[in-house]
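>>> sequence and predicted model, in that order:
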Amino acid sequence: MTDDYRPLILTALLEPQAQARFEALRRAHYPATLNQVPAHVSLFHHLPGSEQAAVKRRLQVVCGPLPPPTVEVVGLKSLGRGVAFRLRSDELDDVRAELAAGWSTLLIPQDRAGFQAHVTVQNKVTSAEARATHQALAAGFLPFRTRVIAIAIWRYCDGPWQALGQVAFRG
């Protein structure tokens with residue numbers, strides 16, 4: 001399989017301060033040997049790599065005219081063997097739904113199953129370690145707001161991701 005056909009992943013890029021905060025937490029809590037990608041908000045897990053140009057065009061049409069969606073970081077979520085921050089944004093939900101409608105024939109079951117925005121900062125640890133991390137992070141958590149400044153396009157490379165570009169919201 002050539003690189004052009006490897007799957008595409010789309011993520012929401014947060015404002016730099018929020019992105020840096022989540023990245024620091026991911027570096028602190030995610031097993032270093034498994035942490036191959038930056039902290040992220042997954043929008044789509046698998047779009048056909050052969051559709052890269054069309055995906056970028058659709059992102060420009062849908063996202064380019066819109067102001068950056070506001071996102072509320074509302075709490076923590078247990079993943080069983082990890083921890084994520086729960087996000088809430090009607091604006092981001094609407095953008096994702098519009099994109100999904102236009103790509104309905106391209107979506108894998110995981111991307112059709114619905115969308116719950118979150119940022120994973122720990123995964124693939126023991127349940128006990130995950131519970132301890134959740135408890136520690138919850139003890140000092142205060143809700144906050146940030147914005148999505150762009151949608152990033154990545155190519156899946158059997159573990160790590162290759163950055164292919166991003167489409168900014170009007171801002």
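Happy to help now that I have it.
>>> low-scoring stretches of the protein, by residue?
1-3, 171 (pLDDT under 70).
>>> for the residue nearest in space to the middle of the chain, what are its contacts?
What sits nearest the mean C-alpha location of the chain, by C-alpha atoms, centre = their mean, is V41, with 1.7 Å. Residues counted as contacts of V41 (C-beta atoms under 8 Å, 6 or more residues apart in numbering) are 11-12, 14, 71, 87, 117-119, 148. All C-beta spots, glycine's among them, are computed from the backbone N, C-alpha and C.
>>> in TSV, list these along with secondary structure and neighbour count.
Listed next are those as TSV, based on DSSP: H, G, I helix; E, B strand; the rest coil; neighbours: other C-beta atoms under 10 Å:
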residue	secondary structure	neighbour count
T11	strand	23
A12	strand	26
L14	strand	25
V71	strand	24
L87	strand	23
A117	coil	23
H118	strand	19
V119	strand	26
V148	strand	28
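>>> got TSV for the residues you listed, with distance to T133 too?
Shown next, in TSV, are the contacts of V41 (distance: C-beta to C-beta, whole Å):
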residue	distance to T133
T11	22
A12	23
L14	21
V71	22
L87	18
A117	20
H118	15
V119	14
V148	25
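>>> which residues are in contact with stretch 133-142?
Against stretch 133-142 from outside (C-beta under 8 Å, 6+ apart): 25, 29, 75-76, 78, 83, 121-122, 125.
>>> buried only: go through those residues for me.
Buried members of the contacts of stretch 133-142, counted by 16 or more other C-beta atoms under 10 Å: 25, 29, 76, 83, 121-122, 125.
>>> of the residues you listed, which belong to helices?
25, 29 (DSSP state H).
>>> farthest pair within the buried ones among the contacts of stretch 133-142?
Spatially, the most separated pair among the buried ones among the contacts of stretch 133-142 is L76 and V125, at 14.8 Å (C-beta to C-beta).
>>> next, count neighbours for the closest residue to P69 other than its chain neighbours.
Spatial nearest neighbour of P69, excluding adjacent residues (C-beta to C-beta, 6 or more residues apart in numbering): E91 at 3.5 Å. Per other C-beta atoms under 10 Å, the neighbour tally for E91 reads 16.
>>> relative to G140, how far out is E91?
For E91, the distance to G140 equals 27 Å [C-beta to C-beta, to the nearest Å].
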